[in-house]
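A.B. asks: Give me a 3D structure for the following:
(one chain, ligands or ions: 1)
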Amino acid sequence: SGARVRRAHNKRLPQYLERGVDVKFSDVAGLGKIRLELEEIVKFFTHGEMYRRRGVKIPGGILLCGPPGVGKTLLAKAVAGEAGVNFFSISASQFVEIYVGVGASRVRALYQEAKENAPSVVFIDELDAVGRERGLIKGSGGQERDATLNQLLVCLDGFEGRGEVITIASTNRPDILDPALVRPGRFDRKIYIPKPGLIGRIEILKVHARKKPMAQDVDYMAVASMTDGMVGAELANIVEVAAINMIRDGRTEITTDDLLQAAQIEERGMLDRKERSPETWKQVAINEAAMAVVAVNFPDLKNIEFVTIAPRAGRELGYVRMKMDPIKFNEGMLTRQSLLDHITVQLAPRAADEIWYGGGQLSTIWAETADNARSEARTLVLGGLSEKHHGLSDFWVADRINEIDLEALRIVNLCYERAKEILQQNRKLMDAVVNELVEKKSLTKQEFLRLVELHGSLQPMPASI
Ligand code: ADP
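C.D. replies: So this is what the prediction gives:
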């Protein structure tokens, strides 16, 4: 028994402790208000006594929900880093073993260590691997997993309300978790972490650029615009790849171009995971090329930042990003002419479909933009901006609705003809853009403008509408 006592004093080397975790909230970008929620968790550690005295319940566990790479692990580390406590981590897939009892004993060991070295954060990655609703898996694997899950529940309950060990878990599937896990006192707080938006991506890029020799004039907006749908892990990668690019060229500063190139490489990696037939790639390319080729003719729309056929979040097909004059746009100062131009751009996919595919099929590829064009035309007429009717008042009468629609239709038809004309005149440019899009999936502003210079035949065509 003497030996046993000695061993208890002689702490084992903790197996699940991550040493040297030095992440701070300032390393996690683009999270807006979510950060405030996590700052509160830090206070449970730093001001635990105050919370207890006031009878505030300290959460048992926090569930970070969201897709891979958005920074869930990073956030959990930042909580430990800011609070100055130990960080223990395990991936739940490691719990799931073929030998009965192994998973449960790992969970026990993990919490034992975390308690011996409290205060601490226990981070469980991919909680769904073990936390899937019980009974969904049959056979002995299921039994083993149930035993592990039960052990986890026991451990979570063991710390309820004490605030010395706080468990943070991550999952992409909070919906399939066993209800027992999300009961009060267990994972009773859910925080959703979405993919970053445009501003979020700029902030994340800047965080990763902090420790790198960036050129003074790096255009983060351009890079962020090109990386729609990407998460923090991918953006971090882009900065790394850009740095390698710089070193390979023997330069001393990372430029916008390095970043844009790296973004394309990252995107192609993403694309290799998507399947599309060559015909579909081409059809999408024609659709997007048509919008870009028509838009580049118009003064308010010609600032095309990039053209892509990469599938992105929320946009299954492709995407042309036009930078409108932000002041005019935000203040609603678009002129009649620029509205007409915009309508024309939206009709370009439909016009291209007619030219290249004979227009014999209804394709969802152009249906959406054509629909936008129709409603924009209606707005234009209602706003009294069509040439036929300069006065507003005429239209606010019920029996003129039909007239409004007819006038909108007339505008749509004229714009449609105009889109077709521009495309016919620019067949060479279209071919070039389509080919490069199919090959590279995305064109930067410079790449696109070069093709316009080589093959385009632009001419201002004032519309007489
Ligand atoms: P998750 O746990 O959600 O899968 P990680 O936290 O492991 O994602 O992210 C991987 C890496 O990506 C991080 O170490 C960091 O370099 C970068 N990263 C992800 N999200 C962000 C973010 N919001 N801010 C800064 N960097 C991020």
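
A.B. asks: What would the helix or strand containing residue 290 look like as PDB? C-alpha coordinates only.
C.D. replies: If you go by DSSP states H and E, residue 290 is part of helix 278-295. Extracted as PDB, the C-alpha positions of helix 278-295 are listed here (Å, rounded to 0.1, in the frame of the first residue of the first chain):
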ATOM      1  CA  PRO A 278     -17.100  18.400 -68.800                       C
ATOM      2  CA  GLU A 279     -20.300  19.600 -70.500                       C
ATOM      3  CA  THR A 280     -21.600  21.100 -67.300                       C
ATOM      4  CA  TRP A 281     -18.300  22.900 -66.700                       C
ATOM      5  CA  LYS A 282     -18.600  24.400 -70.100                       C
ATOM      6  CA  GLN A 283     -22.200  25.400 -69.800                       C
ATOM      7  CA  VAL A 284     -21.600  27.100 -66.500                       C
ATOM      8  CA  ALA A 285     -18.500  28.800 -68.100                       C
ATOM      9  CA  ILE A 286     -20.600  30.200 -71.000                       C
ATOM     10  CA  ASN A 287     -23.100  31.500 -68.500                       C
ATOM     11  CA  GLU A 288     -20.600  33.400 -66.400                       C
ATOM     12  CA  ALA A 289     -18.400  34.500 -69.300                       C
ATOM     13  CA  ALA A 290     -21.500  36.000 -71.000                       C
ATOM     14  CA  MET A 291     -22.200  38.200 -67.900                       C
ATOM     15  CA  ALA A 292     -18.600  39.300 -67.700                       C
ATOM     16  CA  VAL A 293     -18.300  40.000 -71.400                       C
ATOM     17  CA  VAL A 294     -21.400  42.100 -71.600                       C
ATOM     18  CA  ALA A 295     -20.700  43.900 -68.300                       C
END
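
A.B. asks: Show the average pLDDT along it.
C.D. replies: Mean pLDDT, helix 278-295: 89.

A.B. asks: could you say what helices and strands that helix packs with?
C.D. replies: Here helix 278-295 touches strand 304-308, strand 319-322, helix 336-357, helix 364-382, helix 401-425, helix 427-440, going by 3 or more C-beta pairs under 8 Å, 6 or more residues apart in numbering; DSSP states H and E. C-beta here means a position set from N, CA and C on the backbone, and glycine is covered the same way.

A.B. asks: Lowest average confidence across those, which one?
C.D. replies: For those, the weakest mean pLDDT is recorded on strand 319-322, namely a mean of 65.

A.B. asks: near the ligand, which residues of the protein?
C.D. replies: 28-31, 68-74, 170, 204, 207, 232-233, 236 (C-beta under 6 Å from any ligand atom).

A.B. asks: would JSON lines of the helices and strands packed on helix 278-295 with mean neighbour count be doable?
C.D. replies: Shown next, in JSON lines, are the helices and strands packed on helix 278-295 (neighbours: other C-beta atoms under 10 Å):
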{"stretch": "strand 304-308", "mean neighbour count": "23"}
{"stretch": "strand 319-322", "mean neighbour count": "20"}
{"stretch": "helix 336-357", "mean neighbour count": "23"}
{"stretch": "helix 364-382", "mean neighbour count": "18"}
{"stretch": "helix 401-425", "mean neighbour count": "18"}
{"stretch": "helix 427-440", "mean neighbour count": "19"}
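
A.B. asks: Export the ones you listed to CSV and append columns for distance to residue 289.
C.D. replies: Below are the helices and strands packed on helix 278-295 laid out as CSV (distance: least, C-beta to C-beta, whole Å):
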stretch, distance to residue 289
strand 304-308, 7
strand 319-322, 9
helix 336-357, 8
helix 364-382, 12
helix 401-425, 9
helix 427-440, 4
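
A.B. asks: how deep is the residue of the chain found nearest the ligand tucked in, by neighbour count?
C.D. replies: Closest residue of the chain to the ligand, C-beta to the nearest ligand atom: residue 232 (2.1 Å). Neighbours of residue 232 under the rule other C-beta atoms under 10 Å: 26.

A.B. asks: Could you verify my assumption that it touches residue 66?
C.D. replies: No. Between residue 232 and residue 66 there is no contact under C-beta atoms under 8 Å: 10.4 Å.

A.B. asks: circling back to that earlier point, for the residue of the chain closest to the ligand, list the residues it contacts.
C.D. replies: By C-beta atoms under 8 Å, 6 or more residues apart in numbering, residue 232 lies in contact with 29-30, 69-71, 74, 196, 204.

A.B. asks: likewise residue 241?
C.D. replies: Residue 241 is in contact with 262, 265-266, counting by C-beta under 8 Å, 6+ apart.

A.B. asks: Put the buried members of these into a ChimeraX selection.
C.D. replies: Command for ChimeraX that selects the buried part of those, burial taken from 16 or more other C-beta atoms under 10 Å:
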select :262,266
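
A.B. asks: Pipe the contacts of residue 241 into JSON lines and attach distance to residue 175 and pLDDT per row.
C.D. replies: Formatted as JSON lines, the contacts of residue 241 follow (distance: C-beta to C-beta, whole Å; pLDDT from 0 to 100):
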{"residue": "262", "distance to residue 175": "35", "pLDDT": "91"}
{"residue": "265", "distance to residue 175": "34", "pLDDT": "83"}
{"residue": "266", "distance to residue 175": "29", "pLDDT": "84"}
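
A.B. asks: With secondary structure as new columns, can the contacts of residue 241 be given to me in TSV?
C.D. replies: Below are the contacts of residue 241 laid out as TSV (DSSP: H, G, I helix; E, B strand; the rest coil):
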residue	secondary structure
262	helix
265	helix
266	helix
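
A.B. asks: Grab the nearest non-local neighbour of residue 192.
C.D. replies: In space, and not counting its chain neighbours, residue 192 is closest to residue 65: 5.0 Å by C-beta to C-beta, 6 or more residues apart in numbering.

A.B. asks: where's the one you found relative to residue 105, distance?
C.D. replies: Using C-beta to C-beta, to the nearest Å, residue 65 is found at 28 Å from residue 105.

A.B. asks: The two: which has the busier surroundings?
C.D. replies: Counting neighbours by other C-beta under 10 Å for residue 65 and for residue 105 shows that residue 65 has the greater number, 21 against 15.

A.B. asks: and that one, backbone torsions?
C.D. replies: Torsion angles at residue 65 (phi, psi; degrees, to the nearest 10) stand at phi -110, psi 140.

A.B. asks: Quick check: it touching residue 187?
C.D. replies: No. Judged on C-beta under 8 Å, residue 65 makes no contact with residue 187 at a distance of 10.1 Å.

A.B. asks: Let me see the contact set for the residue lying closest to residue 255 once chain neighbours are set aside.
C.D. replies: Closest residue to residue 255 apart from its sequence neighbours, by C-beta to C-beta, 6+ apart: residue 215 at 4.9 Å. Applying C-beta under 8 Å, 6+ apart to residue 215 gives the contacts 253-256.

A.B. asks: hmm, back to that, list the residues that contact the residue nearest to residue 192.
C.D. replies: For residue 65, the contact set (C-beta under 8 Å, 6+ apart) comprises 170-172, 174, 190-193.

A.B. asks: Out of the residues of the chain next to the ligand, name the ones that lie in helices.
C.D. replies: 72-74, 204, 207, 232-233, 236 (DSSP state H).

A.B. asks: re the thing from before, type out the PyMOL command that picks the buried ones from the residues of the chain next to the ligand.
C.D. replies: To isolate the buried members of those in PyMOL, using 16+ other C-beta under 10 Å:
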select buried, resi 28+29+30+31+69+70+71+72+73+74+170+204+207+232+233+236
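
A.B. asks: Thank you, goodbye.
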